[in-house]
Each structure stands twice: as C-alpha cells, then as structure tokens.
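In: mind looking at a prediction? Sequence and model below.
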Amino acid sequence: MKNINLGLFGFGSVGHGLYTALDQSTGFKAQIKRICVKNKDKSRDIDMQMFTFEKDDILFDPEIDVVVELIDDAEAAFEIVKTAMENKKHVVTSNKKMVAMHLQELLDLQRKYQVGILYEASACGSIPIIRTLEEYFDNEELVQVSGIFNGTTNYILTKTIKDGLTYAEALKEAQLKGFAESDPTNDVEGFDAKYKAVIIALHAFGIVVPPTEVLNFGISTLNEMDILYAREKGFNIKLSPIIKKTSEKKLALYVLPRFVNSENHLYKVENEFNGVIVEGKFSGEQFFQGRGAGSLPTGSAVLSDISALSYNYQYEYKKNTQHQTHAYTNDADIDIYLRFDDDEILKELNFKEIRARFYSPNHNYVLGTINLLDLRSKQQLLLEQRLFCAVLG
Ligand SMILES: NC(=O)c1ccc[n+]([C@@H]2O[C@H](COP(=O)([O-])OP(=O)(O)OC[C@H]3O[C@@H](n4cnc5c(N)ncnc54)[C@H](OP(=O)(O)O)[C@@H]3O)[C@@H](O)[C@H]2O)c1
C-alpha cells in the first residue's frame, strides 16, 4: 500500500497525538484526508476544512484506504469500524472497550472482508505487546501474562504508598493532572484493565474471553489500613490483571489489586507507567515497561500500526487458528488478603483455607486461599461493605 490516505475519527487526546506524530515523523508518511468529530461548537486548532461531522464522508470515500478510529464511544466506534471493514477499508483503533467487547465479531469481519484491523494502542499504549505476542511468541506456549495495564490506577496507588496520600487525595491529584477522568469508574474499578487483558489473552493464548465473564475488582475501597499493611510488609500495591494457565487446557483471567514485593518487576513501575510480564515455557520471564497512555505515546502506537498496514501487515491470530486453544475458567484458587469488618463475610466467601487472622479495633484482615468463583459471586457484597482484597505475591 503506497501513499496512504487516512480517514480519522476523533480529534481528542489520541487524535492530536497521531496528528503531531505524523506531522513530525521523519520516516513514514501518510496523509490525513478527513477528520470526523462530534461537537460542532468546539474550536479546533487546525484548518476547519479538514473536519466533517458526517461519518459517511469518510466511510464511503473511495480515496480513503485506512480508517483510524480514535473516539471515546465504544458502540459508535464499533459501527464505524464495521462499516469501514464492510467497505474494504483497513482499520486502526485505540479503543480497548470496543475491541474487547467485539473481539469475535472483529475476527469474523476480518476473515469475511479480507481486511485488517490493528489495535496496538488499545493495550498498554506505547508498549508493543500485541505485535510482540503475535510475532515473537507466536509459537511458544505461554504460562502467564500479567502486569499493570492501567496508568490512572498506578498513578493513584504510587501516590498512596510513596507520598502517603489517602486514596481520595491521590484520586483528586490524578484528576487535576489529567490522568483520571471526572468519573473514574472505568479505571478505578478495573474495567479498563480488564478490556486490555481480554485483548492480550487472545494474542497470548488464542482465546476469546467475554469481558462479562471476567472478575474485575478495583481499588476504590482501598483505605489507610490497607496502605499501612502494605507499607509495613514492604509491598507496593498494583492493580494487576493476571492471565494464566490453570491446567493444560484451562485459562483463568482476573483483575484484582495485588501486593508485590521488591523482587517483582512491577514493584518499580510507578505513576502513569504500565508494565507487562510475559512468562513463556522456554523463554522464561520477559518484562516490558512503557507509557500506557498519553497523547503522543498512544499516537505513536497508532502511527506504528498505520505504518505496519503500509507493508500489508495483519494479525494472524495463530494461537487462535492453529494451536489447540484453551477453555476459559473461573475455577481457580488464589491467595488473597481481605480486610473485613464482620466474621460473617468469611463464611459467605467460603475460604478454602485461612492461614492468618488479624483483629484490632480498626483493622481486621485474613490471609487465605479462595476460589475465584466464590470471590466473583460475592463481589457486589464486598463493594457494598467497602471491603478491600488483594492478591498476595
Ligand atoms: N487518552 C489516552 O491516553 C488513551 C490511551 C489509549 C487508548 N485510548 C483510547 O483512545 C480513544 C480516544 O481517547 P481520547 O483520550 O483521545 O478521547 P478524547 O480526548 O475524549 O477524544 C474523543 C474524540 O472522539 C470524538 N467523538 C466522540 N464520539 C464521536 C462520534 N460518534 N463520531 C465522531 N467523533 C466522535 C470527540 O469529538 P469532539 O472533539 O467533537 O468532542 C473527540 O474528538 C478511547 O477509546 C480511549 O479509550 C486513549
């Protein structure tokens, strides 16, 4: 593909980042022909002639080769992407929610219309994890992929442990610095990290996991006692998705806070940075760190995908099509710390084993083993009672 003409959807943080990265790129060149945005009253800092508010101006323009979807509305994004692919246009997107919620449909669309969709920016921003899994680990059996996939929560957690801020203070600071949205639910409750983990699971293990099946328990119930516990034990707290084989053919995935000690690679991943640990059967542990969000880092990942399309690169999903894939399970035992108020909850949660109990006037906790199925079924109860749990180790 030569002289690529791009049709861009969205001119927010990532859209701007792509525009700048393209403008300043000394190597690869492509032209943005049109930009579709939503708000007619917003002032724009580039020529208004570039903009349209009508999606069909891009989707049905025969001169546009690649649709770059960078909007913040997952359902509208899917409609855009679907129509683009039906019109034989390749797609690049940064929209993790859209990709994770529609993975199977996107696989089917690619096969049916023989066009590619690349989405490196959707999982851990500038860390090239998807292409690494696709190209480098395409044949090696992986055992586990884990990490820090959300910069907002990592920023908040770093501030609580390192600077002694409370959760509320750290969240406010993250919002003031533009790392957290005014409604932080998507980040702090672990949805964002879950979408990324679902995408990574497809490329690492060949399996399409419906996001609704996956437990995401976030950091919104973290309190001073949990922070004190972590600090006293020398742990850092990370919101960490874990995707792991539980047996030869079974794969579990969950997003939970995690206490990590100084020997873990994730311990030193601070502030808005992301980290990914890939554990292969033969290669052992590999660690990747980088900026998981931000205008230019994300724009650069989008640019890299556009450049890859220029030499006809497409994901092959070898682990999905050629390898024996895994079945998804929530039947996995995990070791957790649970802060609680009333012993009743321990019975409800059906702990398999409790190894330590601590009671004091303002802090009760247990350390024990629980099945993910039990934890998932009582998630709402934990949230209602403002309890906090974290994976150990
Ligand atoms: N920000 C990051 O660091 C980052 C990192 C990785 C992935 N992502 C993902 O990238 C996507 C974009 O994020 P962002 O931070 O750039 O969002 P943003 O700053 O809020 O910008 C969103 C853009 O989408 C446009 N838009 C919304 N609905 C539209 C529609 N139906 N048709 C056309 N345009 C529409 C908005 O138009 P107006 O300008 O008219 O309002 C705006 O330009 C999201 O899916 C996000 O999850 C973001």
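Out: Looks like it came in fine. Numbers count the residues shown, from 1 in each chain.
In: residue 95 versus the closest residue to the ligand within the chain, what's the distance?
Out: Nearest residue of the chain to the ligand, counting by Cβ to the nearest ligand atom: residue 12, 1.8 Å away. All C-beta spots, glycine's among them, are computed from the backbone N, C-alpha and C. As judged by Cβ to Cβ, to the nearest Å, residue 12 and residue 95 stand 12 Å apart.
In: the more surrounded of those two?
Out: Comparing residue 12 with residue 95 by other Cβ atoms under 10 Å, the one with more neighbours is residue 95, at 27 against 14.
In: surely the more buried one touches residue 79?
Out: No: using Cβ atoms under 8 Å, residue 95 is not in contact with residue 79; the gap is 11.9 Å.
In: for the two, list the residues in contact with both.
Out: Shared contacts of residue 95 and residue 79, defined by Cβ atoms under 8 Å, 6 or more residues apart in numbering, are absent.
In: counting contacts, what elements does the lowest-mean-pLDDT helix or strand in the chain pack onto?
Out: Using mean pLDDT, DSSP states H and E, the weakest-scoring helix or strand in the chain turns out to be helix 318-321, at a mean of 92. Packing partners of helix 318-321 (3 or more Cβ pairs under 8 Å, 6 or more residues apart in numbering; DSSP states H and E): helix 191-205.
In: ok, then the element right after the helix it packs on?
Out: Downstream of helix 191-205, the next assigned helix or strand under DSSP states H and E is strand 215-216.
In: one step back: joint contacts of residue 12 and residue 95?
Out: With Cβ under 8 Å, 6+ apart, residue 12 and residue 95 have common neighbours 70-72.
In: buried subset of those as a PyMOL selection?
Out: To isolate the buried subset of these in PyMOL, counting by 16 or more other Cβ atoms under 10 Å, use the following:
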select buried, resi 70+71
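In: low-confidence stretches in this protein?
Out: Counting by pLDDT under 70, the chain shows low-confidence ranges at 1-2, 324.
In: what's the domain layout of it?
Out: 5-131+295-318, 138-291+326-392 (automatic domain parsing).
In: show me which residues of the protein are close to the ligand?
Out: 9-15, 36-39, 42, 70-73, 76, 94-96, 121-122, 125, 293-294, 298 (Cβ under 6 Å from any ligand atom).
In: quick one: which of these sit in helices?
Out: With DSSP state H as the criterion, helices contain 13-15, 76, 96, 298 from among those.
In: now the residue lying closest to residue 315 once chain neighbours are set aside, what's its secondary structure?
Out: Nearest residue to residue 315 in three dimensions, chain neighbours excluded: residue 134, at 5.5 Å (Cβ to Cβ, 6 or more residues apart in numbering). The three-state assignment at residue 134 reads helix, by DSSP: H, G, I helix; E, B strand; the rest coil.
In: relative to residue 298, how far out is residue 134?
Out: Per Cβ to Cβ, residue 134 is found 19 Å from residue 298.
In: more neighbours, the two?
Out: Between residue 134 and residue 298, counted using other Cβ under 10 Å, residue 298 has the larger neighbour count: 26 against 22.
In: what sits against that one?
Out: By Cβ under 8 Å, 6+ apart, residue 298 lies in contact with 13-14, 17, 94, 121, 125-126.
In: ok, back up a step: what does the least confident helix or strand of the chain contact?
Out: By Cβ under 8 Å, 6+ apart, the list of residues contacting helix 318-321 reads 107, 134, 138-139, 202-208, 325.
In: just the buried ones out of the residues you listed, please.
Out: 107, 134, 202-208, 325.
In: neighbours around residue 194, how many?
Out: Residue 194 has 27 nearby residues by other Cβ under 10 Å.
In: and residue 322, by the same measure?
Out: Residue 322 has 12 nearby residues by other Cβ under 10 Å.
In: from residue 393, how far out is it?
Out: Taken as Cβ to Cβ, the span from residue 322 to residue 393 is 34 Å.
In: then residue 216?
Out: 19 Å.
In: and residue 314, by the same measure?
Out: 38 Å.
In: the more surrounded of these two?
Out: Between residue 314 and residue 393, residue 314 has the larger neighbour count (other Cβ under 10 Å), namely 15 against 10.
In: three-state assignment of that one?
Out: coil.
In: tell me the phi and psi of it?
Out: Residue 314 adopts backbone torsions of phi -140, psi 150, taken as degrees, to the nearest 10.
In: how near is it to residue 116?
Out: 4 Å.
In: now swap in residue 355 and tell me
Out: As for residue 355, its distance to residue 116 is 49 Å (criterion: Cβ to Cβ).
In: between these two, which one's more packed in?
Out: Each of residue 355 and residue 116 has its neighbours counted (other Cβ under 10 Å); residue 116 has more, 19 against 11.
In: all helices for the stretch 201-350 of the chain, in order.
Out: For the stretch 201-350 of the chain, applying DSSP state H, counting those that start in this stretch gives helices covering 224-233, 295-310, 318-321, 344-349.
In: repeat for the stretch 1-150 of the chain
Out: Using DSSP H, counting those that start in this stretch, helices in the stretch 1-150 of the chain cover 13-24, 56-59, 74-86, 96-101, 103-113, 129-131.
In: angle of the fifth one against helix 74-86?
Out: Looking back up the chat, that one is helix 103-113. Taking axes from the mean of the first three to the mean of the last three Cα atoms, to 10 degrees, one finds helix 103-113 and helix 74-86 inclined to each other by 20 degrees.
In: quick check: buried residues in helix 103-113?
Out: Buried, per 16+ other Cβ under 10 Å, within helix 103-113: 103, 106-107, 109-110, 113.
In: now do the third one
Out: Buried positions in helix 74-86, judged by neighbour count with 16+ other Cβ under 10 Å: 74, 76-78, 80-85.
In: over to the first one?
Out: Within helix 13-24, the residues that qualify as buried are 13-19, 21-22, counting by 16+ other Cβ under 10 Å.
In: now the angle from that helix to helix 295-310?
Out: Using the same axes, to 10 degrees: helix 13-24 against helix 295-310 is 70 degrees.
In: alpha carbons of helix 13-24, in PDB - could you do that?
Out: What follows is helix 13-24, C-alpha atoms only, in PDB (Å, rounded to 0.1, in the frame of the first residue of the first chain):
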ATOM      1  CA  SER A  13      -6.000  13.400  23.100                       C
ATOM      2  CA  VAL A  14      -5.000  10.400  20.900                       C
ATOM      3  CA  GLY A  15      -6.200  12.000  17.600                       C
ATOM      4  CA  HIS A  16      -4.000  15.100  18.400                       C
ATOM      5  CA  GLY A  17      -1.100  12.800  19.300                       C
ATOM      6  CA  LEU A  18      -1.400  11.000  16.000                       C
ATOM      7  CA  TYR A  19      -1.600  14.300  14.100                       C
ATOM      8  CA  THR A  20       1.600  15.500  15.700                       C
ATOM      9  CA  ALA A  21       3.400  12.200  15.400                       C
ATOM     10  CA  LEU A  22       2.500  12.100  11.700                       C
ATOM     11  CA  ASP A  23       3.500  15.700  11.200                       C
ATOM     12  CA  GLN A  24       6.900  15.200  12.800                       C
END
